[in-house]
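1. I'll drop the sequence and a predicted model, then ask my questions.
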Amino acid sequence: MTQVLNFIDGAEVPAAGSRTLDLVDPATGEVFGTSVLSEQSDVDAALEAAERAFGVWRKSTPAQRQLALLKIADAVEARAEEFAELEIRETGKIRAVVLEEEIPECVSALRFFAGAARQLEGTASGEYLPGHSSAIRREPVGVCAQIAPWNYPLMMGVWKIAPALAAGNTVVLKPAETTPSTAVLLAKVAAEFLPRGAFNVLCGDRDTGRALVKHPITELVSITGSTRAGIDVATVAAADLKRTHLELGGNAPLLVFGDVNLAEAAEGIVGAAFYNAGQDCTAGSRVLVDAAIHDEFVTELTKAAAAQKPGADFGPLNSEAQFGRVRGLVENLPSHARVETGGTPAGDRGFFFSPTVISGLKQDDEIVQEEIFGPVITVQSFVDEDEAVRLANGVPYGLASSIWTNDLSRATRVSGELDFGCVWVNTHGPLVSEMPHGGFGHSGHGKDLSSYSFAEYTRVKHVMTRFA
């Protein structure tokens, strides 16, 4: 049986107590190991180690931080197979996807933020008051508590630690309780190139995360997770006025207008909806289609979805709890909904769910308003552009969206009306390290990736000198 330990102050260490959490292979439903369940004394130890390291790391030069991150990126790339094995065991992901898409994206993000470390931006220094000179300093915030999700354990971990370390902060990262292994390996790999204690990993549950947020050493809290978890973090952090970075749930609308190639749009949308079994905050799960082409498009969408094979094209849901949640949403559909394909578990073991398309839905239906986080597409129709925008914006989330049309004027006009942090046109899902990722409303605030993310891990100081 595998046992995953904490990584604190440069070494793997057991938790102070004896309690553990089971690790389950979602492809089989079988327990294969455990991780330690950290308690308050473990939280104290990790944050104190990060606080000691901050005294060293904050004084490093941007060039030194860049070099460390570049070396970490090279090491992750060199050990890609090892990272992939751990990721697949805890998530059930498709091997080729992990090796060819997700790990290269992790390496790319590390290299991007290595460059960002040397590109500090701010107002030009100068004499804005006679006899006085002003300068702006961008400084690291301090010790950052970071909470990563289970849908992209390694990639989301990198998206958090890379900008924080590039800016000169130190980190305590808490991975999701079902997927801790790649975070610990990442810390072990990074330890060779960082001061001892600069990057720590603490395994545990919600109470562990809450203790991290509440701790007086923590200066900034970053979480990727559900809206419920984000509200919990924000509430606890507010009591001590800690800075927060919240990348939360999503419920992306995909607006399909009547001038598109129906087969091509259907194929693109299915790929966006079922990537990672739909367990993605930006998943293309809420399709809004022009009423004039609704029936024909549903036919194309159903055909494309039914061709997807669980276990070959996408993996299982992450846990029994998530499997039960998706199943419950589908089983409790209103009478006016129609399951065009799927709607049932797939296979006789593990947490696989069949690719599903549901039509006939109304805006206030639970499955339309709630983030599904599974391989399920909902379909609604609209009669004109105004209704399309109203339906798209008619949910509490504001993370991602897309417009499918060959009319450039329409795409430009509608992209300005959609209340989402990202709008794609004739595609859905691609991300690059140079561009920001983050949303509005119940999708939280703050940006991952890009120089915008780097800036969030800095504080701005004005220094004024009288030289009369």
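-> Thanks, I have it. No experiment lies behind these values; they were computed from the predicted model shown. Numbering: from 1, shown residues only.

2. drop to CA atoms for contacts and neighbour counts, all remaining ones
-> OK.

3. what about Gly126, how many residues nearby?
-> Residues within reach of Gly126, counting by other Cα atoms under 10 Å, total 12.

4. which stretches of the stretch 351-468 of the chain form helices?
-> 366-369, 385-393, 408-417, 450-456 (DSSP state H, counting those that start in this stretch).

5. swap in the stretch 151-300 of the chain?
-> 153-166, 181-191, 206-214, 227-238, 262-274, 294-306.

6. from these, which stretch is densest packed?
-> helix 153-166 (a mean of 25; mean count of other Cα atoms under 10 Å).

7. tell me the mean pLDDT over it?
-> Taken as a whole, helix 153-166 has an average pLDDT of 98.

8. now it against helix 181-191, angle please.
-> Put simply, helix 153-166 runs at 30 degrees to helix 181-191, going by axes from the mean of the first three to the mean of the last three Cα atoms, to 10 degrees.

9. so what touches the helix or strand encompassing Glu139?
-> For Glu139, the enclosing helix or strand under DSSP states H and E is strand 132-140. Contacts to strand 132-140, defined as Cα atoms under 8 Å, 6 or more residues apart in numbering, come from residues 58, 120, 122-128, 167-169, 457-468.

10. relative to the whole chain's centre, how far out is that strand?
-> Relative to the centre of its chain, strand 132-140 is centred 33 Å away, using Cα atoms, centre = their mean, to the nearest Å.

11. neighbouring strands of the very next helix or strand once past that strand in the sheet, and parallel or not?
-> Heading C-terminal from strand 132-140, the first helix or strand you meet, by DSSP H and E, is strand 143-147. Strand partners for strand 143-147, identified by DSSP bridges, are recorded as strand 170-174 (parallel), strand 220-224 (parallel).

12. now render these as TSV, adding mean neighbour count, distance to Arg196 and mean pLDDT.
-> Below are these laid out as TSV (neighbours: other Cα atoms under 10 Å; distance: least, Cα to Cα, whole Å; pLDDT from 0 to 100):
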stretch	mean neighbour count	distance to Arg196	mean pLDDT
strand 170-174	30	10	98
strand 220-224	25	20	98
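
13. I'd like the ones you listed as TSV, with distance to Ile372 appended.
-> Formatted as TSV, these follow (distance: least, Cα to Cα, whole Å):
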stretch	distance to Ile372
strand 170-174	24
strand 220-224	16
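
14. which one of the ones you listed lies nearest to Asp74?
-> Minimum separation from Asp74 across these (Cα to Cα) falls at strand 170-174, 20.3 Å.

15. which residues does that closest one contact?
-> With Cα under 8 Å, 6+ apart as the test, strand 170-174 has contacts from 46-47, 50-51, 53-54, 57, 142-148, 157, 161, 164-165, 183, 197-204, 209.

16. what angle do that strand and helix 206-214 make?
-> Per the same axes, to 10 degrees, the angle that strand 170-174 makes with helix 206-214 is 160 degrees.

17. is the nearest residue to Gly343 once chain neighbours are set aside in a bridge, and if so with what?
-> Leaving out its chain neighbours, the residue that sits closest to Gly343 by Cα to Cα, 6 or more residues apart in numbering is Thr356, at 5.3 Å. On the basis of DSSP bridges, Thr356 is bridged to Val376.

18. for Thr356, give its distance to Gly29.
-> Distance of Thr356 to Gly29, given as Cα to Cα, to the nearest Å: 22 Å.

19. what does Pro140 give?
-> Counting by Cα to Cα, the gap from Pro140 to Gly29 is 43 Å.

20. out of those two, which sits in the more crowded spot?
-> Pro140 (24 against 17).

21. and the helices in the stretch 1-150 of the chain?
-> 40-57, 62-78, 80-91, 95-97, 103-116.

22. between these, which gets nearest to Gly271?
-> Gly271 lies closest to helix 95-97 among the helices of the stretch 1-150 of the chain, at 12.6 Å (Cα to Cα).

23. for that closest one, packing partners?
-> Helix 95-97 sits against no helix or strand, with contacts defined as 3 or more Cα pairs under 8 Å, 6 or more residues apart in numbering; DSSP states H and E.

24. what residues does it touch?
-> With contacts defined as Cα under 8 Å, 6+ apart, helix 95-97 is touched by Ala84, Ile88.

25. name the residues of that helix that are buried.
-> Within helix 95-97, the residues that count as buried by 16 or more other Cα atoms under 10 Å are Arg95.

26. and that helix, how far from the chain's centre?
-> With Cα atoms, centre = their mean as the basis, helix 95-97 stands 19 Å off its chain's centre.

27. what average pLDDT does that helix get?
-> 97.

28. separation between the nearest residue to Ala304 once chain neighbours are set aside and Val171?
-> Leaving aside its chain neighbours, Ala304 sits nearest to Glu267 (5.9 Å; criterion: Cα to Cα, 6+ apart). Separation of Glu267 from Val171 (Cα to Cα): 41 Å.

29. repeat for Gly126
-> Distance from Gly126 to Val171, by Cα to Cα: 34 Å.

30. just the endpoints, please. Distance across stretch 198-214?
-> With Cα to Cα as the measure, stretch 198-214 spans 20 Å from end to end.

31. nope, stretch 147-155 is what I meant
-> Using Cα to Cα, the end-to-end distance of stretch 147-155 comes to 13 Å.

32. so how far is it from its chain's centroid?
-> 7 Å.

33. residues in contact with it?
-> Where contact means Cα under 8 Å, 6+ apart, the residues beyond stretch 147-155 that reach it are 87, 91, 102-103, 105-106, 156-157, 173-180, 182-183, 186, 209, 221-225, 276, 279-280, 318.

34. redo that, cut-off 6 Å
-> Outside stretch 147-155, the residues within contact range by Cα atoms under 6 Å, 6 or more residues apart in numbering are Cys106, Gly157, Leu173, Lys174, Pro175, Ala176, Thr179, Thr182, Ile223, Thr224, Gly225.

35. tell me the contacts of the residue nearest to the last one when sequence neighbours are not counted?
-> The spatial neighbour of Gly225 that comes closest, neighbours along the chain excluded (Cα to Cα, 6+ apart), is Leu248 at 5.0 Å. By Cα under 6 Å, 6+ apart, the contact list for Leu248 reads Thr224, Gly225, Ser226, Thr227, Ser443, Gly444.
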